[in-house]
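Asker: Mind looking at a prediction? Sequence and model below.
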Amino acid sequence: ELQNSRAKGPTWMRDSAVTNCFECNKAFSLFNRKHHCRVCGRIFCDACSARRLEIKGHFKRVCDHCYQEQFSFTASSHTDAVWKQ
């Protein structure tokens, strides 16, 4: 599933449609900014999307859930990948 979304690119949620972090439900504000996960396209706060994953040669912000899913998938399939926190 995640592999297919990475190949095409995720469908991003619209900024205007989201007022709280998808993971922790903390309200967004001037100081708690919105960040899109580059794998699933959902919107998270900085704390819930602080990990980076190499996508097409560049390190991109991903949510904790997608990071763990990709890490589990990669570890079980023995695929070479670069991970960075």
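Answerer: Received the coordinates, thanks.
Asker: tell me how far the helix or strand hosting F59 is from the chain's mean position?
Answerer: Using DSSP states H and E, F59 falls within strand 58-62. Centre-to-centre, strand 58-62 and its host chain are 8 Å apart (Cα atoms, centre = their mean, to the nearest Å).
Asker: Send me it as CSV with only the CA atoms.
Answerer: Provided in CSV are the C-alpha atoms of strand 58-62 (Å, rounded to 0.1, in the frame of the first residue of the first chain):
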residue,chain,number,x,y,z
HIS,A,58,16.2,13.5,-0.8
PHE,A,59,15.4,13.2,2.9
LYS,A,60,11.7,14.1,3.4
ARG,A,61,9.5,14.6,6.5
VAL,A,62,7.3,11.6,7.3
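Asker: In this structure R38 contacts S49, no?
Answerer: No: between R38 and S49 there is no contact under Cβ atoms under 8 Å: 9.2 Å. Placement of C-beta: from N, CA and C, glycine included.
Asker: and the two? which has more neighbours close in?
Answerer: S49 (25 against 22; other Cβ atoms under 10 Å).
Asker: which residues sit in contact with that one?
Answerer: Taking Cβ atoms under 8 Å, 6 or more residues apart in numbering, we find S49 in contact with H35, C37, R61, V62, C63, D64.
Asker: now do 7 Å
Answerer: H35, C37, R61, V62, C63 (Cβ atoms under 7 Å, 6 or more residues apart in numbering).
Asker: Between those residues, which sits nearest E54?
Answerer: Set against E54, the nearest of the contacts of S49 by Cβ to Cβ is V62 (10.1 Å).
Asker: I'd like the distance between the closest one and F31.
Answerer: 22 Å (Cβ to Cβ, to the nearest Å).
Asker: the more surrounded of the two?
Answerer: Between V62 and F31, counting by other Cβ under 10 Å, V62 is the more crowded of the two (26 against 6).
Asker: what sits opposite the residue lying closest to L53 once chain neighbours are set aside in the beta ladder?
Answerer: Closest residue to L53 apart from its sequence neighbours, by Cβ to Cβ, 6 or more residues apart in numbering: V62 at 4.6 Å. Under DSSP bridges, the beta-bridge partners of V62 are R51.
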